[in-house]
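1. Mind folding the following:
(2 chains)
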Number of protein chains: 2
Amino acid sequence: MSENMINPVPEGANKAGVASSDRRKFLRKSVALAAGGAAIAATNAANAEDLKTWTEPLKDEPTRHMLGRGVVAVPYGLPSKYESGVVRRNVGWLTADTIASISFTPWQDLHGIITPNGLHFERYHAGAVDVDPSKHHLVIHGMVKQPMIFTVEDLKRLPSHTAIHFLECPANGAMEWRGVQMDSMQFTHGMMSCSEWTGVKLTTLMEMVGVDPKATWFYGEGTDGSALQRSVPMEGAKDQHGNPIPEAYTSHYRDAMVCYAMNGEALRPENGYPIRLFIPGFEANMSTKYLRRLMFVDKPLVTYQETRHYIEVLPNGEIRQYNLVNEANSVINYPCPDYKLKGKGTYEIRGIAWSGYGKIKHVDVSIDGGKNWTQANLVEPVLNKCLTKFTLPFEWDGEERLIMSRATDETGFVQPTLKQLREVRGYNSIYHKNSIQVWKIEKTGEVKNVQIENV
Amino acid sequence: MSENMINPVPEGANKAGVASSDRRKFLRKSVALAAGGAAIAATNAANAEDLKTWTEPLKDEPTRHMLGRGVVAVPYGLPSKYESGVVRRNVGWLTADTIASISFTPWQDLHGIITPNGLHFERYHAGAVDVDPSKHHLVIHGMVKQPMIFTVEDLKRLPSHTAIHFLECPANGAMEWRGVQMDSMQFTHGMMSCSEWTGVKLTTLMEMVGVDPKATWFYGEGTDGSALQRSVPMEGAKDQHGNPIPEAYTSHYRDAMVCYAMNGEALRPENGYPIRLFIPGFEANMSTKYLRRLMFVDKPLVTYQETRHYIEVLPNGEIRQYNLVNEANSVINYPCPDYKLKGKGTYEIRGIAWSGYGKIKHVDVSIDGGKNWTQANLVEPVLNKCLTKFTLPFEWDGEERLIMSRATDETGFVQPTLKQLREVRGYNSIYHKNSIQVWKIEKTGEVKNVQIENV
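-> Prediction:
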């Protein structure tokens, strides 16, 4: 690298941006405040007509606070009191008690791809867990050359990996399978959040312990009481019947990491503090919270969770097991049922799209119930296994409208209609409901969650 | 788009991932828990030797919580009690009172490019402001065809823009200019944070009001009492003496937006709720908080803030005004003075780099006081006017080490040494201290903030 490139002030800036030394002498002679005040007054005089236009509509402006008092002396900040409605919520009747509980992310009030940590969805299987990081360990064992035990500090010292990815419970949208139609985006799509995750790549740890090439699965277990034990397939994996696991599933572990941070800071207690497994693209229960061990094996463990939960009963009576990937999905979060439109005119349709198979390729939007589709704008960056925001201008004529979005990912997978999904998956599933979501805008501006024929 | 692409279940997955109906019959006959338990027991038996290896180190594992109680029923979540030290902090002596106060972001404890909103730095000029969004307005006037007034709701309805950008106070590192050397990354670099911002592009609003082509500056003003009024240059802008503003500065407004959200949710009160101007790459005081008006003009307003503050006295006695861009900068945040290294061995040097001129091109790291440099790995995504994380493996031999990083941005601008910066800017500035930061690792593992000859 050439030393000539070191140039702390751009040449043009240095010359042009410098006021004359006369100006400086003036400043030195004056009381600084008076000098500044005079400069403002002089300019104001030159723009008196403009300012007249400006001051009139603001004459009785009630929000001007020409002297605030003190500061918001909050070492860890919180939202404005006017945003007290933007919180995680549960549906009271969904789980039997608070120990097996769910909190949903309020997507109706979010504007980007990042979910603030305070609003990340949570799914408890066995109550609150409060792990002291100084006493926590991760053991890696099984089909390895050298079993190893890591403290949280050890993990933070190892080569790190950081990436923005969504995390989605397979039960996201579960209530929609049989037509419950919740009139809130919080409950139709709120079991999904998206964060910047940091940790150690699983492949780094695998190299350290020397995983046996014959190991085709690994098993993750948390230190909580949830028994949320899951088997994760790797290349060459076969299920307990000897059937090969699809290749599309056996490469996901290569993106996996043992995470200690989300959106820069430490994991939150409800998201697995101090460490969790995170497998981008796989259903969230695979990303074991409060991770205490990883065991490498040559077959799936067929755990309680892999037989009683997280299986799907197909129309022909077969059970689909190890259905791990969150397939291409999308939803419009503005407009959505939580807010009424204020009269006809110009709006912007905004939504989020994601796929557990990779990047979003394009998102199509329909405002006439699926008859015509228009490609939406994708907001950069478009990242691997990450939310992608999309937008499309929308002129509402005040008439009834059926609006909907359809995502296509880089593998060519197209988000199905609910009809198509039911043809393959039937009516018994509560998982992986990734079908097209239809919102109906009524003449009043109210927005409803509806199911329509062929969609 | 071909309908053939609609394929809700990948073909392979559907065949291979489905368990036989015999299995299903078995499940139906069994009590589900027993079935799952048996499956685990069977697998455990097959891996008894491995599990023996595993169980021993964890025999007295004190963090296992096999029954958590209740859930963390916090509608808006907060960090673990074990992370209570990761907060914004102020240096008591830095400002005269709490009304003109600063809180710094704890970069020593952050691991990515996103700053959680609760830890975003804040700089108050006139105390806390608590604006009711339903009563707030934005007026756009001056050299425009049609002055306009917008409610916050109006702005949210307009075409949106979302992007991840850093925001930095020009006084970031101010205490380092004259050699104060704070032994904490929170105080050397904590007046900078990075978020995903959402709002309306300024150019969208300019089009709506029909800005006069002769307007070369605009002026932003907040509803608080800070009088933090700033003039922002556009193409063709000249200063009050008729000197042209460098081209490198006059295009920044094209990225600007009137923001209502950060990291997805509403702006925080201390960051300008309900709306703020945000000009990526410019010093943070240009990004007027609690924005109430934008006035388009054909010269700078030379406000109090533009004469008394935010100017630099150069070695030759000249005053440099309108020095707006946060130039290429970087810092190693692991290791850093806040934490002691635990003995020699393998570590990873990690840091953050940023430039107000665009993307980071490369970051070089030295572990011998600047004699030799090695190019670090840049963590994707590398975005415009955004933090870029960098990493480099580091084998610490237990000897004294001077570690430092040097960023180069896509314009070829290279982060200067403090010596080079002083040669051009002298000793009187408190702004734009973007020089190379040297950390000294001592034999004890302690890390110190030092200044060394030629750096």
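2. Every contact and neighbour count from this point should use C-alpha atoms.
-> Fine.
3. Below-threshold pLDDT in chain A: ranges please.
-> A:1-73, A:93, A:96-99, A:179 (pLDDT under 70).
4. domains in it, as residue ranges please.
-> A:86-320, A:329-450 (automatic domain parsing).
5. And the shortest one, how far out from the chain middle?
-> So the one you mean is domain A:329-450. Between the centre of domain A:329-450 and the centre of its chain there are 16 Å (CA atoms, centre = their mean, to the nearest Å).
6. got the end-to-end distance for that domain?
-> 17 Å (CA to CA, to the nearest Å).
7. I'd like the domains of chain A laid out as a markdown table, including mean neighbour count.
-> Conversion of these to a markdown table gives the following (neighbours: other CA atoms under 10 Å in any protein chain shown):
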| stretch | mean neighbour count |
| --- | --- |
| domain A:86-320 | 21 |
| domain A:329-450 | 21 |
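8. Now do the residue in the stretch 351-455 of chain A positioned nearest to chain B against B:Pro416, distance only.
-> Closest to chain B within the stretch 351-455 of chain A is A:Val414: 4.9 Å, counting by CA to the nearest CA. Look at A:Val414 and B:Pro416: by CA to CA, they are 50 Å apart.
9. circling back: please name the nearest non-neighbouring residue to the residue of the stretch 351-455 of chain A closest to chain B.
-> Leaving aside its sequence neighbours, A:Val414 sits nearest to A:Thr408 (CA to CA, 6 or more residues apart in numbering or on different chains; 4.4 Å).
10. May I have the helix or strand harbouring the one you found as PDB, with CA atoms only?
-> Per DSSP states H and E, A:Thr408 falls inside strand A:401-409. The C-alpha trace of strand A:401-409 is given here as PDB (Å, rounded to 0.1, in the frame of the first residue of the first chain):
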ATOM      1  CA  ARG A 401     -59.200  -4.800  -2.600                       C
ATOM      2  CA  LEU A 402     -57.600  -8.200  -2.000                       C
ATOM      3  CA  ILE A 403     -53.900  -7.600  -1.500                       C
ATOM      4  CA  MET A 404     -51.300 -10.300  -1.300                       C
ATOM      5  CA  SER A 405     -47.600 -11.100  -1.900                       C
ATOM      6  CA  ARG A 406     -45.800 -14.100  -3.300                       C
ATOM      7  CA  ALA A 407     -42.000 -14.700  -2.700                       C
ATOM      8  CA  THR A 408     -39.700 -16.700  -5.000                       C
ATOM      9  CA  ASP A 409     -36.300 -17.700  -3.600                       C
END
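11. what's the spatially most central residue of chain A in contact with, if anything?
-> Centroid-nearest residue in chain A: A:Cys194, 1.6 Å away (criterion: CA atoms, centre = their mean). Shown in contact with A:Cys194 (CA atoms under 8 Å, 6 or more residues apart in numbering or on different chains): A:113-115, A:120, A:164-167, A:386-387.
12. Chain neighbours aside, what residue packs nearest to it?
-> Leaving aside its sequence neighbours, A:Cys194 is closest to A:Phe166 (3.9 Å, by CA to CA, 6+ apart).
13. Same check on A:Leu378?
-> A:Leu378 sits nearest to A:Phe390 (CA to CA, 6+ apart), 4.5 Å away.
14. Name every sheet partner of the host helix or strand of the one you found and say whether each one runs parallel or antiparallel.
-> If you go by DSSP H and E, A:Phe390 is part of strand A:388-396. Note on strand A:388-396: by DSSP bridges, its sheet partners are strand A:345-354 (antiparallel), strand A:377-378 (antiparallel).
15. From A:Ala407, how far off is the residue of the stretch 351-455 of chain A closest to chain B?
-> Counting by CA to CA - A:Val414 and A:Ala407 are separated by 6 Å.
16. Now do the shared contacts for these two.
-> The contact sets of A:Val414 and A:Ala407 overlap at A:Ala328 (CA under 8 Å, 6+ apart).
17. Quick one: name the residues of the stretch 351-455 of chain A near chain B.
-> A:379-381, A:391, A:393, A:412-416, A:420-421, A:424 (CA under 8 Å from any CA of the partner chain).
18. From the residues you listed, pick the one nearest A:Val258.
-> A:Pro381 (24.2 Å; CA to CA).
19. Any idea how many residues pack against the nearest residue to A:Pro269 once chain neighbours are set aside?
-> Closest residue to A:Pro269 apart from its sequence neighbours, by CA to CA, 6+ apart: B:Ser80 at 5.6 Å. B:Ser80 has 17 neighbours, counted by other CA atoms under 10 Å in any protein chain shown.
20. list the contacts for B:Ser80?
-> A:130, A:268-269, A:273.
21. So of the contacts of A:Cys194, which two are at opposite extremes in space?
-> That would be A:His120 and A:Cys386, which, of the contacts of A:Cys194, are the farthest apart (CA to CA) at 14.8 Å.
22. got the phi/psi numbers for the nearest residue to A:Leu202 once chain neighbours are set aside?
-> Using CA to CA, 6+ apart and skipping residues adjacent in sequence, the residue nearest A:Leu202 is A:Met257, 4.7 Å away. The phi/psi pair for A:Met257 (degrees, to the nearest 10) reads phi -150, psi 160.
23. if I pick A:Met257, what's in contact with it?
-> A:161, A:198-203, A:277-279.
24. does it have beta-bridge partners, and which?
-> Going by DSSP bridges, A:Met257 is paired in beta bridges with A:Lys201, A:Phe278.
25. how far away is it from A:Ala237?
-> From A:Met257 to A:Ala237 the distance is 19 Å (CA to CA).
26. before we move on, what about A:Lys419?
-> Counting by CA to CA - A:Lys419 and A:Ala237 are separated by 32 Å.
27. And A:Val131, by the same measure?
-> 33 Å.
28. is A:Asn449 in a bridge, and if so with what?
-> A:Trp439.
29. one step back: do I have it right that the residue nearest to A:Leu378 meets A:Trp354?
-> No. Look at A:Phe390 against A:Trp354 with CA atoms under 8 Å: they stay out of range, at 10.7 Å.
30. How about the contacts made by the nearest residue to A:Ile113 once chain neighbours are set aside?
-> Leaving aside its chain neighbours, A:Ile113 sits nearest to A:Leu387 (5.6 Å; criterion: CA to CA, 6+ apart). Contact analysis of A:Leu387 by CA under 8 Å, 6+ apart lists A:113, A:165-166, A:194, A:352-355.
31. As a check, name the ranges of all helices in the stretch 51-200 of chain A.
-> A:152-157, A:185-189 (DSSP state H, counting those that start in this stretch).
32. Does anything pack onto the longest one? Which helices or strands?
-> Based on contacts counted as 3 or more CA pairs under 8 Å, 6 or more residues apart in numbering or on different chains; DSSP states H and E, the elements that helix A:152-157 packs against are strand A:192-201, strand B:345-354.
33. which residues of the stretch 301-450 of chain A fall in helices?
-> A:304-307, A:418-425.
34. which residues touch the longest one?
-> Read it as helix A:418-425. Under the criterion CA under 8 Å, 6+ apart, residues A:312-315, A:433, A:435-436, A:453-455, B:8-9 lie in contact with helix A:418-425.
35. One more pass at 6 Å, please.
-> Helix A:418-425 is touched from outside by A:314, A:435, A:455, with contacts defined as CA atoms under 6 Å, 6 or more residues apart in numbering or on different chains.
36. Repeat that for stretch A:397-407.
-> With CA under 6 Å, 6+ apart as the criterion, stretch A:397-407 contacts A:329-331, A:344, A:363-369, A:415, A:437-443.
37. about what we covered before: include distance to B:Asp109 when you put the contacts of helix A:418-425 into CSV, please.
-> Listed next are the contacts of helix A:418-425 as CSV, based on distance: CA to CA, whole Å:
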residue, distance to B:Asp109
A:Leu314, 47
A:Ser435, 40
A:Val455, 48
